[in-house]
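Colleague: 3D, please:
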Amino acid sequence: MKKKYIDMIWRHVLLAFLAFIWLIPIVWLFVTSFSTYPGRNTSTFFPEHWTLNNYKNLLFAADSVAQFPNWFKNTFIVACCSCIISSAFVLMVAYATSCMRFKMRKPLMNIGVILNLFPGFLSMIAVYFILRTLNLTNNHWGLVLVYSASSGLGYLIAKGFFDTIPASLREAAYLDGASEATIFYKVVVPMSQPIIVYTVISSFLAPWMDFVFAKMILNAGISSKWTVSIGLFNMLDKSLINTYFTQFCAGGVLVSIPISALFVIMQKFYVEGVTGGSVKG
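Modeller: Residues are numbered from 1 along each chain as shown. Predicted structure coming up:
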């Protein structure tokens with residue numbers, strides 16, 4: 001019993017130490033965003049003088065370099081549109097593979113899982129030339145298309161959750177003459193709140209945080225069309241970093257607020273969705 005108690009203490013100490021290390025850069029970014037010195041300052045961890053001007057300038061005094069309100073709006077629109085389309089694709093594919101039986105079902109499921117194992121970056125060149133042919137580069141709808149197109153391949157966790165819903169409920173609805181669409185919307189969806197929340201958060205996170213595809217598609221150098229990730233990265237250019245570094249830190253703090261608030265509010269359903277979807281696969 002004593003050994004078990006000591007092991008538990010050591011595990012908690014180790015976890016606390018790892019959490020402390022993990023929090024150091026986040027705390028440094030946060031406190032640096034209040035510094036009166038606009039450039040990098042590595043001589044002290046905490047700023048010598050504090051101010052809110054970095055947030056004020058970022059939000060209300062946009063210039064040719066820092067156009068954070070525009071970037072935030074662009075990112076929010078792209079993320080919301082991608083989230084709606086991606087969530088619909090994932091849930092419909094998951095329902096079809098879990099609750100319906102058709103020819104080639106298992107081979108298609110296996111192909112989807114295998115394709116999802118490959119990183120999307122492998123297709124960047126092909127995606128770019130296809131979008132350029134369709135005149136969708138430097139266009140936010142091109143970004144939405146990229147983020148949403150293959151989202152249905154990530155159906156596996158949602159399928160695992162749908163597998164836990166009793167088949168007898170669907171069979172009763174069949175006997176009452178309900179169609180597949182009716183069963184999906186009126187029987188399955190009302191019982192699937194946790195996995196829907198998980199899917200929505202996951203679908204929102206990808207476009208909100210992405211830099212690589214956004215940089216590749218929005219490549220004309222028109223700063224008003226950039227997303228937050230491109231705009232903040234541009235502030236780290238060697239000719240700008242000594243003037244805009246603390247504003248960059250302030251932007252990093254502001255970008256984290258919406259997704260952090262969303263996760264805190266929906267945490268219960270998020271965890272239930274993950275655990276419920278991992279029961280079966």
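Colleague: spatially central residue in this protein, please.
Modeller: Within the chain, one residue has its C-alpha closest to the average C-alpha position: by Cα atoms, centre = their mean, that is Leu205, at 0.9 Å.
Colleague: list the contacts of that residue.
Modeller: The neighbours of Leu205, taking Cβ atoms under 8 Å, 6 or more residues apart in numbering as the test, are Ile259. Yep, even glycine has a C-beta here, placed from its N, CA and C like the rest.
Colleague: ok, so what distance separates it from Thr199?
Modeller: Taking Cβ to Cβ, to the nearest Å as the measure, Leu205 and Thr199 are separated by 11 Å.
Colleague: can you pull out the helices in the chain?
Modeller: In order along the chain, the chain carries the following helices (DSSP state H): 2-32, 53-60, 68-99, 105-117, 124-133, 140-149, 156-163, 167-175, 180-183, 193-209, 212-217, 228-234, 241-277.
Colleague: among the helices and strands of this protein, which has the poorest mean pLDDT?
Modeller: Across the helices and strands of the chain, mean confidence by mean pLDDT, DSSP states H and E is lowest for helix 241-277: a mean of 77.
Colleague: okay, the angle between that helix and helix 68-99?
Modeller: Computed by axes from the mean of the first three to the mean of the last three Cα atoms, to 10 degrees, the angle separating helix 241-277 from helix 68-99 equals 20 degrees.
Colleague: for helix 241-277, the distance to its chain's centre please.
Modeller: Here helix 241-277 is found 9 Å from its chain centre; the criterion is Cα atoms, centre = their mean, to the nearest Å.
Colleague: can you pull the pLDDT of Ile24?
Modeller: What the model reports as pLDDT for Ile24 is 90.
Colleague: and the least confident helix or strand of the chain, what other elements does it pack with?
Modeller: Packed against helix 241-277 by the contact rule (3 or more Cβ pairs under 8 Å, 6 or more residues apart in numbering; DSSP states H and E) you find helix 2-32, helix 53-60, helix 68-99, helix 156-163, helix 193-209, helix 228-234.
Colleague: quick one: it to helix 193-209, angle?
Modeller: Going by the same axes, to 10 degrees, helix 241-277 makes 160 degrees with helix 193-209.
Colleague: sorry, back to before: of the helices and strands packed on helix 241-277, which approaches Thr243 most closely?
Modeller: Among the helices and strands packed on helix 241-277, the nearest to Thr243 by Cβ to Cβ is helix 53-60 (10.8 Å).
Colleague: tell me what angle that closest one forms with helix 241-277.
Modeller: Orientation note: helix 53-60 sits at an angle of 80 degrees relative to helix 241-277 (the same axes, to 10 degrees).
Colleague: how much does helix 53-60 deviate in direction from helix 2-32?
Modeller: With the same axes, to 10 degrees as the basis, helix 53-60 and helix 2-32 are set at 70 degrees to each other.
Colleague: packing partners for helix 53-60?
Modeller: Helices and strands touching helix 53-60, as assessed by 3+ Cβ pairs under 8 Å, 6+ apart, comprise helix 68-99, helix 241-277.
Colleague: show me the shaky parts of the protein.
Modeller: Low-confidence regions of the chain, defined here as pLDDT under 70, cover residues 1, 267-281.
Colleague: 50 instead, please
Modeller: Residues of the chain meeting the criterion pLDDT under 50: 277-281.
Colleague: if we can go back for a sec, mutual contacts of Leu205 and Thr199, please.
Modeller: By Cβ under 8 Å, 6+ apart, no residue touches both Leu205 and Thr199.
Colleague: please identify which of the helices and strands packed on helix 53-60 is closest to Lys106.
Modeller: For these, distance to Lys106 was read as Cβ to Cβ. The smallest value, 9.0 Å, belongs to helix 68-99.
Colleague: buried set for stretch 104-115?
Modeller: If you call a residue buried by 16 or more other Cβ atoms under 10 Å, then stretch 104-115 has these buried ones: Met109, Gly112.
Colleague: just the CA trace of it, in CSV.
Modeller: Coordinates of each C-alpha in stretch 104-115 appear next as CSV, following Å, rounded to 0.1, in the frame of the first residue of the first chain:
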residue,chain,number,x,y,z
MET,A,104,-18.1,-2.9,-51.2
ARG,A,105,-18.8,-1.4,-47.7
LYS,A,106,-15.8,-2.9,-46.0
PRO,A,107,-13.3,-2.3,-48.8
LEU,A,108,-14.4,1.3,-49.0
MET,A,109,-14.0,1.7,-45.3
ASN,A,110,-10.5,0.2,-45.4
ILE,A,111,-9.6,2.5,-48.3
GLY,A,112,-10.8,5.5,-46.4
VAL,A,113,-8.8,4.6,-43.3
ILE,A,114,-5.6,3.9,-45.4
LEU,A,115,-6.0,7.2,-47.3
